[in-house]
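In: sequence and predicted model, in that order:
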Amino acid sequence: MAEHGFAAFLATKHVDPDPPDLIEDLRSGWDLAVEFGLDNPALYTLMYSEPTRATSAAFKAGMEILMGRIRRLAAGGWLRVDEELAATIIHATARGAVLTWLSLPEDRRDPALLTTLRESMVAAVTNEEPAVQDAGPAGAARALRAALPEQTILSGGEQHLLTEWLDRLASDG
């Protein structure tokens, strides 16, 4: 049943390979995930209580869509945190929003909760302006790191070393 749920959710996702607004695309993806959970509460609860979700082909395909959104944000200089942390924050806030909403008595369900959680997620993982335009190396390092898998000029060792340096620069520390 959980696999069926992940497949049904995956079928609702629309992927725009070149969205006009990357932040709005992130919001839309988050909203879609939350709406699916609110429209399918029993199925959603089952989907995210199953320990086998990591082996689900549909779950993995959905995560690839999310990682594509995150990669575009990083390449555009919009990502505030590293890609893995961004994925975890986005996934956790959507799942937490749905499960919290469903746990509330109907008379205490305030739509401001969902909007506030979504905007908190956006603020946590993105910059207001592309970081590449700002002074400092962190945003530029994140953007370059996002572009690395597409290049083939560097050897594996060189890519590993550059990734290590970019990770350090991107951490702002």
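Out: All right, it came through fine.
In: can you pull the pLDDT of Gly96?
Out: Listed pLDDT for Gly96 reads 94.
In: so what's it closest to, chain neighbours aside?
Out: Nearest non-adjacent residue to Gly96, counting by Cβ to Cβ, 6 or more residues apart in numbering: Leu117, 7.2 Å away. In this view, the C-beta of every residue, glycine as well, is placed from N, C-alpha and C.
In: residue contacts, the one you found?
Out: Neighbour list for Leu117: 93, 96-97 [criterion: Cβ atoms under 8 Å, 6 or more residues apart in numbering].
In: what strand or helix carries it?
Out: Under the criterion of DSSP states H and E, Leu117 resides in helix 111-125.
In: residues of that helix that come out buried?
Out: 114, 117-118, 121-122, 125 (16 or more other Cβ atoms under 10 Å).
In: residues touching the host helix or strand of Glu24, excluding its own?
Out: Applying DSSP H and E as the criterion places Glu24 in helix 22-39. By Cβ under 8 Å, 6+ apart, the residues outside helix 22-39 that reach it are 8-9, 12-13, 16, 19, 44, 65-66, 69, 72-73, 76, 78, 90, 93-95, 97-99, 101-102, 114, 118, 121-122, 125-126.
In: that helix vs helix 111-125, what angle?
Out: Per axes from the mean of the first three to the mean of the last three Cα atoms, to 10 degrees, the angle that helix 22-39 makes with helix 111-125 is 140 degrees.
In: give me the element Asp18 is part of.
Out: Per DSSP H and E, there is no helix or strand for Asp18.
In: ok, back up a step: for the record, mean pLDDT for the helix holding Glu24?
Out: 92.
In: next one: stretch 122-136
Out: Stretch 122-136 comes out at a mean pLDDT of 69.
In: find the centremost residue of the protein, please.
Out: Most central in the chain under Cα atoms, centre = their mean is Ala87, positioned 3.8 Å from the mean C-alpha point.
In: I'd say that one and Ile70 touch.
Out: Yes: at 5.8 Å, Ala87 counts as touching Ile70 under the criterion of Cβ atoms under 8 Å.
In: and the pLDDT for Arg71?
Out: 91.
In: just the CA trace of the strand or helix carrying it, in PDB.
Out: Arg71 belongs to helix 57-75 when elements are defined using DSSP H and E. Listed next in PDB are the C-alpha coordinates belonging to helix 57-75 (Å, rounded to 0.1, in the frame of the first residue of the first chain):
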ATOM      1  CA  ALA A  57      11.200   2.900  -6.500                       C
ATOM      2  CA  ALA A  58       8.500   5.600  -6.600                       C
ATOM      3  CA  PHE A  59       9.900   7.300  -3.400                       C
ATOM      4  CA  LYS A  60      13.300   7.400  -4.900                       C
ATOM      5  CA  ALA A  61      11.900   8.800  -8.200                       C
ATOM      6  CA  GLY A  62      10.100  11.500  -6.200                       C
ATOM      7  CA  MET A  63      13.300  12.300  -4.300                       C
ATOM      8  CA  GLU A  64      15.100  12.700  -7.600                       C
ATOM      9  CA  ILE A  65      12.600  15.300  -8.700                       C
ATOM     10  CA  LEU A  66      13.200  17.100  -5.400                       C
ATOM     11  CA  MET A  67      16.900  16.900  -5.900                       C
ATOM     12  CA  GLY A  68      16.500  18.400  -9.400                       C
ATOM     13  CA  ARG A  69      14.700  21.400  -7.900                       C
ATOM     14  CA  ILE A  70      17.500  21.700  -5.300                       C
ATOM     15  CA  ARG A  71      20.200  21.400  -7.900                       C
ATOM     16  CA  ARG A  72      18.700  24.200 -10.000                       C
ATOM     17  CA  LEU A  73      18.500  26.400  -6.900                       C
ATOM     18  CA  ALA A  74      22.200  25.700  -6.100                       C
ATOM     19  CA  ALA A  75      23.300  26.200  -9.700                       C
END
